[in-house]
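S.K.: Pasting the sequence and the predicted coordinates here, then a few questions.
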Amino acid sequence: GGVPKKIAMSFHPILDHETLKQRLITKEGQNLHATRGSLSKCAMRMLEFTKATQTAAQFPDDDVIVLKLKSVGNELIRELKLHDLEMKKMDLGAKAAEAELANYDSIREQTQGSIVKARGEIDDLRAALEHEAKVRKNRQEYEALAKTARNGEPSRVTKRKLVEERNEIDQQKETVQKIQKKLNVKGKQFHLLMQSIADLKRGIDEEEMQGTIEKQHRDGIGESDESSSIIPQEGAEN
């Protein structure tokens, strides 16, 4: 058994109470201008009290040394009380700081809640404003329509005029249809007339061409007779 060597080497040697006290006194006693009630000041007083105790132990019958020891002891006690008071003050300050932080956290949470609530109210107000604007727009449109209806003619008069206008449109359509029919008939007649004129012109052209051909034929026959009568006369003269 026993403790392993590797583990045993990791432990630091334990110092006795007197060595720790001397180290604390030596370290803290170096500050000659320590604040009253501080740990450094208590260490200084402890160093003075230790030295006074050692001196009194060497000269126990010296009244001056004994009074000095009592005075240093009283200073140490007062310093320890002051240190205890400072520790209580620091504790109260720490508690006050914690309370302040808790208060800040509470205020922050309340502020966040107020912000969320304000945003919700803003959204509700925006929705209400949009609804009110839509209602106002609808009211204005309704009033405009009502004003137009008041200033316009009665519906029965409007309906009667509408019927008259429709009848007039129907009559106009009927008249247009009749005119269109007449135009179609006239167009057909005009087409037949143009066809007749073309046929007549083509017939006249054919008659003129036939007359021209016959005239040319007759003229050709006459010229041949005259040629035959002239040739014998020229032979007699020779």
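M.R.: Good, I have the coordinates. Numbers count the residues shown, from 1 in each chain.
S.K.: where does Met9 land on pLDDT?
M.R.: On pLDDT, Met9 comes in at 37.
S.K.: Next: the one 4 residues further on.
M.R.: Model confidence at Pro13, expressed as pLDDT, equals 48.
S.K.: before we move on, what about Glu206?
M.R.: 83.
S.K.: Look at it and say how many residues are nearby.
M.R.: 10 (other CB atoms under 10 Å). Just so you know, the C-beta spots here come from the backbone N, C-alpha and C atoms, and that holds for glycine as well.
S.K.: quick one: it and Thr212, what's the gap?
M.R.: Distance check for Glu206 against Thr212: by CB to CB, to the nearest Å, it reads 11 Å.
S.K.: do Arg160 as well
M.R.: In terms of CB to CB, Arg160 sits 77 Å off from Thr212.
S.K.: ditto for Ala127
M.R.: 105 Å.
S.K.: what about Met46, helix or strand, and which?
M.R.: In this structure, Met46 is located in helix 39-58 according to DSSP states H and E.
S.K.: Could you identify the helix or strand that succeeds that helix?
M.R.: Next element after helix 39-58 (DSSP H and E): helix 63-151.
S.K.: what's the following helix or strand after that next one?
M.R.: helix 155-237.
S.K.: and that following helix with helix 63-151, angle?
M.R.: 60 degrees (axes from the mean of the first three to the mean of the last three CA atoms, to 10 degrees).
S.K.: Renumber starting at 10 from here on
M.R.: Sure, I'll start counting at 10 from here, so that last one is helix 164-246.
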